[in-house]
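> Below are the sequence and a predicted model for it; my questions follow.
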Amino acid sequence: MARAIRAIFLGLAALAGLVWIGGYVYINSLACAFRSGSSCRITMPWRMTGEDLLLLVLIPASIVLILLFFAWLAHRRVKTGGADGSK
C-alpha cells in the first residue's frame, strides 16, 4: 500500500512540476505579448521580485517539494516495514 501511495505522490509531484513549468512559460509569454518592445525574453525565476516571485516561483516550488516530501515519507515507511508489517 505504501508503494502505491509513494507512486501517487511522485506522479503528482511530476505533474505539478510540469504544470509549474508550462504555466510559468505561458504567463511570461502573455506578459511578453503586452510589452511594448521588440525584444521579448522570458524572465528567469531568480530575477523576479515581489509578488511575481511569490506567485510564479515560491508557491509552486513549495507544492512540488511538499509532494516529494510525502513520497519520501512513504518510501521510508516501505523500508521500515510500517505499512505492510513486513520488512
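Nice, I can see it.

> Now do the end-to-end distance for stretch 46-55.
Using C-alpha to C-alpha, to the nearest Å, one end of stretch 46-55 lies 13 Å from the other.

> Figure out how far that stretch is from the centre of its chain.
16 Å (C-alpha atoms, centre = their mean, to the nearest Å).

> Can you mark which positions in that stretch are buried?
residue 48 (16 or more other C-beta atoms under 10 Å). Placement of C-beta: from N, CA and C, glycine included.

> Where do the helices of the chain begin and end?
Counting by DSSP state H, one finds helices in the chain at the ranges 2-33, 50-53, 59-80.

> Any chance of the ones you listed in CSV with mean pLDDT and distance to residue 44 as columns?
Putting the helices of the chain into CSV (pLDDT from 0 to 100; distance: least, C-beta to C-beta, whole Å) gives the following:
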stretch, mean pLDDT, distance to residue 44
helix 2-33, 92, 10
helix 50-53, 91, 11
helix 59-80, 89, 14
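
> Turn the ones you listed into a markdown table, including distance to residue 39.
Putting those into a markdown table (distance: least, C-beta to C-beta, whole Å) gives the following:
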| stretch | distance to residue 39 |
| --- | --- |
| helix 2-33 | 10 |
| helix 50-53 | 19 |
| helix 59-80 | 27 |
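
> Show me the one of those that comes nearest residue 42.
Among the helices of the chain, the nearest to residue 42 by C-beta to C-beta is helix 2-33 (4.4 Å).

> Name the residues of that closest one that come out as buried.
For helix 2-33, by 16+ other C-beta under 10 Å, it's 2, 5, 6, 9, 10, 12, 13, 16, 17, 20, 24, 28.

> ok, now stretch 64-78?
64, 67, 68, 70, 71, 74, 75, 77, 78.

> And that stretch, how far out from the chain middle?
14 Å.

> Please list the outside residues in contact with it.
Applying C-beta atoms under 8 Å, 6 or more residues apart in numbering, the external contacts of stretch 64-78 come out as 2-3, 5-6, 9-10, 12-13, 16-17, 20, 83-84.
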